[in-house]
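A.B. asks: give me the fold of what follows.
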Amino acid sequence: MNISQPFIKRPVMTLLLMLSLLFAGLLSLQKLALSDMPNVDYPTIYVTADLPGANPETVAREVSSVLEKEFASLKKIEHMSSFSWLGGCYVLLQFSLDKDIDQAAHEVQRAIDKAYLPNDLLERPKVHRRSVNQSTVLYAVFSSSSLEPEKLYHFASDHLQKPLSLIEGVSEVRLSGASESIEIEIDPEKLAARELSLEEVKRSLQKEGSSIPVGRLEERHLGLYVPQRLQTVEDLGNTAIAYREKAPVRLKDLGSIKEEGLNIDHFRFIGKKQNETGLLIEIKKESGVNVVSLCEKIKKELEKIQKNLPPTHHIQIILDQSVWIEEALHDLEWNLGLSLVLVSVVIFLFLGRLQDTLIPCLALPLSLLGTCAFMYMLDYSLDILSLLALTLAMGFVVDDAIVVLENIARLREEGKNPFEAALIGSKQIGFTVLSQTVSLIAVFIPLIFMGGVLGKLFREFSVSLSLAILLSGLVSLTLTPMLCARLKPSSKPQKKESPSSFRWYEKSLSWCLRHKKTTLFAGALSLISSI
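C.D. replies: Numbers count the residues shown, from 1 in each chain. Reported below is the predicted structural model:
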């Protein structure tokens with residue numbers, strides 16, 4: 001059976017097939033997502049709960065431990081941890097990679113509904129999904145020499161955070177610093193004179209609206225987060241805590257209330273002008289988004305915002321992940337071009353004919369671009385591992401074409417016409433090329449089926465490299481013999497003089513064949529010394 005025969009006899013069909021592969025690869029290369037790592041989405045969920053006024057030990061005992069016991073019965077949990085602090089906690093759950101994140105979220109919610117939790121919880125624990133692919137792609141510093149920290153934070157929230165969050169592909173925009181807080185200092189003597197307790201004060205404030213954890217009780221201080229309906233210090237001070245002799249006891253009658261601004265320690269400027277106040281802007285991407293194109297959109301939006309800012313306001317990008325990704329792509333393009341030149345030179349030196357050199361050189365771009373087409377269909381990205389796979393593939397993709405070409409060239413030198421030499425030569429070597437391709441792919445099969453996080457990371461690498469090897473075998477059995485059949489034959493078949501390097505190889509091979517035991521002993525000694 002001659003696999004190459006229909007492709008040799010139908011050159012138009014073969015050319016159309018190769019051109020389709022070429023253009024599909026070029027189009028896919030433009031649409032492939034550019035990222036730092038493969039899109040490995042770990043099914044990770046974290047649950048948060050608030051228990052106002054409770055110390056970390058109480059939160060851990062009454063909330064965290066209760067939730068952990070319920071979550072322990074869930075299937076496919078690989079890791080569970082919790083962290084409790086003053087007035088709240090979170091429980092982190094990491095599921096196996098084959099677990100559907102939506103199904104996991106529903107199961108976690110059902111487990112929460114079954115849990116026996118304290119009545120003091122402001123609301124049921126919240127379920128949050130977390131994706132490791134939502135990584136930070138850009139850091140920027142927003143600074144001003146004219147704004148105080150409080151105004152700087154609000155200005156950045158209104159004029160930077162909101163427009164940046166609307167960019168397609170952005171999952172989150174974070175601002176450093178903190179929001180304002182209100183400090184209430186209760187006078188114990190005034191509290192005792194009206195026969196009230198701190199717990200009554202807390203309950204009265206919570207009735208005024210939905211609030212978040214009260215804070216810490218420490219000597220004479222009770223830190224509070226203000227209920228949502230109470231927007232100002234005046235509103236909070238006029239809150240009726242209780243009634244004595246038909247007259248309201250307001251919060252301002254029990255102590256002092258003051259608004260705390262943003263802590264200057266939360267604002268650290270990184271830049272040229274040390275007298276300016278600044279905050280950090282962190283921008284995260286959605287899973288599977290093209291990092292390079294997203295960073296370009298973000299930078300254009302930042303330039304647009306900067307033009308509308310006063311002269312005292314500055315935006316400075318301090319980290320752009322797309323820069324080194326583009327550098328890696330440029331390195332790949334350089335390596336591809338250099339490899340193509342080196343391969344062409346080596347083939348020409350050994351084959352001695354320019355037209356014979358061009359044929360295997362076509363296998364390199366066709367195989368790599370064809371691999372990009374399949375990577376796009378498989379929803380892969382151009383990242384560190386896939387680029388490494390394409391770089392390694394350069395050493396494999398021309399081998400099959402050289403083997404087929406050399407066998408056909410040998411038959412031409414024996415006097416056969418190009419068409420006959422292509423038919424016979426491809427039939428003789430076809431099974432060898434096929435077995436060589438399959439054996440190379442078999443090396444990467446264990447990586448494809450490897451489990452766990454590493455298995456999912458290296459699956460893209462092994463599949464990409466296997467596709468490049470498979471396509472190189474396809475090109476060598478289709479395009480290579482077809483082009484060889486259309487080559488203009490030499491005017492006079494002649495046997496080439498062997499160069500001096502070949503004559504030296506022939507002499508050394510003859511010596512090894514005459515001294516088999518010595519050759520085997522030298523090979524065994526080399527093997528032992530390498531262990």
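
A.B. asks: quick one: low-confidence ranges for the stretch 201-350 of the chain?
C.D. replies: Low-confidence segments of the stretch 201-350 of the chain, defined by pLDDT under 70: 206-232, 259-277.

A.B. asks: what segments of it are strands?
C.D. replies: In the stretch 201-350 of the chain, the segments counted as strands under DSSP state E, counting those that start in this stretch are 217-218, 221-223, 240-244, 247-250, 255-260, 277-285, 313-320.

A.B. asks: right, and those strands - which one's nearest residue 95?
C.D. replies: Evaluated over the strands of the stretch 201-350 of the chain, closeness to residue 95 peaks at strand 277-285, with 21.6 Å, by Cβ to Cβ. Every C-beta, even on glycine, is put in place using the N, C-alpha and C of the backbone.

A.B. asks: quick check: angle from the closest one to strand 313-320?
C.D. replies: Interaxial angle, strand 277-285 versus strand 313-320 (axes from the mean of the first three to the mean of the last three Cα atoms, to 10 degrees): 50 degrees.

A.B. asks: just checking, what packs against strand 277-285?
C.D. replies: In terms of contacts (3 or more Cβ pairs under 8 Å, 6 or more residues apart in numbering; DSSP states H and E), strand 277-285 is packed against strand 136-144, helix 149-156, strand 170-175, helix 291-307.

A.B. asks: what are the buried residues along that strand?
C.D. replies: By 16 or more other Cβ atoms under 10 Å, the buried positions in strand 277-285 come out as 277, 278, 279, 280, 281, 283, 284, 285.

A.B. asks: got a markdown table for those, with distance to residue 255 too?
C.D. replies: Listed next are the buried residues of strand 277-285 as a markdown table, based on distance: Cβ to Cβ, whole Å:
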| residue | distance to residue 255 |
| --- | --- |
| 277 | 32 |
| 278 | 36 |
| 279 | 32 |
| 280 | 36 |
| 281 | 38 |
| 283 | 42 |
| 284 | 42 |
| 285 | 47 |
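
A.B. asks: please identify which pair of the residues you listed lies farthest apart.
C.D. replies: 277 and 285 (28.1 Å).

A.B. asks: got the domain boundaries for this structure?
C.D. replies: Following automatic domain parsing, the chain resolves into domains at 5-37+324-496, 44-130, 136-178+264-321, 181-260, 503-531.

A.B. asks: comparing the ones you listed, which yields the minimum mean pLDDT?
C.D. replies: Looking at these, the lowest mean pLDDT belongs to domain 181-260 (a mean of 68).

A.B. asks: would you pull up how far stretch 34-43 lies from the middle of the chain?
C.D. replies: The chain centre lies 3 Å from the centre of stretch 34-43; the measure is Cα atoms, centre = their mean, to the nearest Å.

A.B. asks: between the two ends of that stretch, how far is it?
C.D. replies: Stretch 34-43 has an end-to-end distance of 22 Å (Cα to Cα, to the nearest Å).

A.B. asks: what about the strands in the stretch 51-200 of the chain?
C.D. replies: Under DSSP E, counting those that start in this stretch, the stretch 51-200 of the chain gives strands at 77-85, 88-95, 126-130, 136-144, 170-175, 181-186.

A.B. asks: do you know which of the strands of the stretch 201-350 of the chain lies nearest residue 450?
C.D. replies: Closest to residue 450 of those, according to Cβ to Cβ: strand 277-285, at 26.9 Å.

A.B. asks: in its sheet, which strands sit next to the closest one, and in what direction?
C.D. replies: When pairing is defined by DSSP bridges, strand 277-285 lines up against strand 136-144 (antiparallel), strand 170-175 (antiparallel).

A.B. asks: okay, the angle between it and helix 291-307?
C.D. replies: Computed by the same axes, to 10 degrees, the angle between strand 277-285 and helix 291-307 is 150 degrees.

A.B. asks: next, the buried residues of the helix or strand that contains residue 439.
C.D. replies: Element membership for residue 439, per DSSP states H and E: helix 418-448. Residues 418-419, 421-427, 429-430, 433, 436-437, 440-441, 444, 447 are the ones in helix 418-448 that count as buried (16+ other Cβ under 10 Å).

A.B. asks: pick the most buried one from the strands of the stretch 201-350 of the chain.
C.D. replies: With neighbours taken as mean count of other Cβ atoms under 10 Å, these reach their highest mean count in strand 277-285, at a mean of 22.

A.B. asks: export that one as CSV, just CAs?
C.D. replies: C-alpha atoms of strand 277-285 as CSV (Å, rounded to 0.1, in the frame of the first residue of the first chain):
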residue,chain,number,x,y,z
THR,A,277,0.3,60.9,47.7
GLY,A,278,-0.6,57.9,45.6
LEU,A,279,-2.5,54.6,45.6
LEU,A,280,-2.0,51.4,43.7
ILE,A,281,-4.5,50.2,41.1
GLU,A,282,-4.6,46.5,40.4
ILE,A,283,-6.4,45.2,37.3
LYS,A,284,-7.3,41.5,36.9
LYS,A,285,-8.3,39.7,33.8
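
A.B. asks: what about the residue lying closest to residue 396 once chain neighbours are set aside, how many neighbours?
C.D. replies: Distance criterion Cβ to Cβ, 6 or more residues apart in numbering; nearest residue to residue 396, sequence neighbours excluded, is residue 469 at 5.3 Å. Close neighbours of residue 469, defined as other Cβ atoms under 10 Å, add up to 25.

A.B. asks: how close does residue 469 sit to residue 381?
C.D. replies: 20 Å (Cβ to Cβ, to the nearest Å).

A.B. asks: I'd like the strands of the stretch 201-350 of the chain written out as CSV, with distance to residue 127 added.
C.D. replies: Output for the strands of the stretch 201-350 of the chain, formatted as CSV (distance: least, Cβ to Cβ, whole Å):
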stretch, distance to residue 127
strand 217-218, 30
strand 221-223, 28
strand 240-244, 35
strand 247-250, 39
strand 255-260, 32
strand 277-285, 20
strand 313-320, 31
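
A.B. asks: how close does residue 412 sit to residue 483?
C.D. replies: Applying Cβ to Cβ to residue 412 and residue 483 gives a distance of 13 Å.

A.B. asks: compare those two (neighbour count), which wins?
C.D. replies: Using other Cβ under 10 Å as the criterion, residue 412 and residue 483 rank with residue 483 on top: 24 against 20.

A.B. asks: apart from its chain neighbours, what residue comes closest to that one?
C.D. replies: Of all residues not flanking residue 483 in the chain, residue 359 sits nearest, at 5.1 Å (Cβ to Cβ, 6+ apart).

A.B. asks: just the CA trace of the strand or helix carrying the one you found, in PDB.
C.D. replies: Counting by DSSP H and E, the element that carries residue 359 is helix 354-361. Provided in PDB are the C-alpha atoms of helix 354-361 (Å, rounded to 0.1, in the frame of the first residue of the first chain):
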ATOM      1  CA  LEU A 354      18.800  24.000  -4.200                       C
ATOM      2  CA  GLN A 355      15.500  22.500  -5.300                       C
ATOM      3  CA  ASP A 356      16.000  19.500  -3.000                       C
ATOM      4  CA  THR A 357      16.700  22.000  -0.200                       C
ATOM      5  CA  LEU A 358      13.400  23.900  -0.600                       C
ATOM      6  CA  ILE A 359      11.200  20.900  -0.300                       C
ATOM      7  CA  PRO A 360      11.900  19.900   3.400                       C
ATOM      8  CA  CYS A 361      12.100  23.500   4.300                       C
END
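
A.B. asks: was I right about residue 94 contacting residue 43?
C.D. replies: Yes. Assessed by Cβ atoms under 8 Å, residue 94 is found in contact with residue 43 at 7.3 Å.

A.B. asks: could you check which of the two has the larger neighbour count?
C.D. replies: Regarding residue 94 and residue 43, a neighbour count based on other Cβ under 10 Å identifies residue 43 as having more, with 23 against 20.
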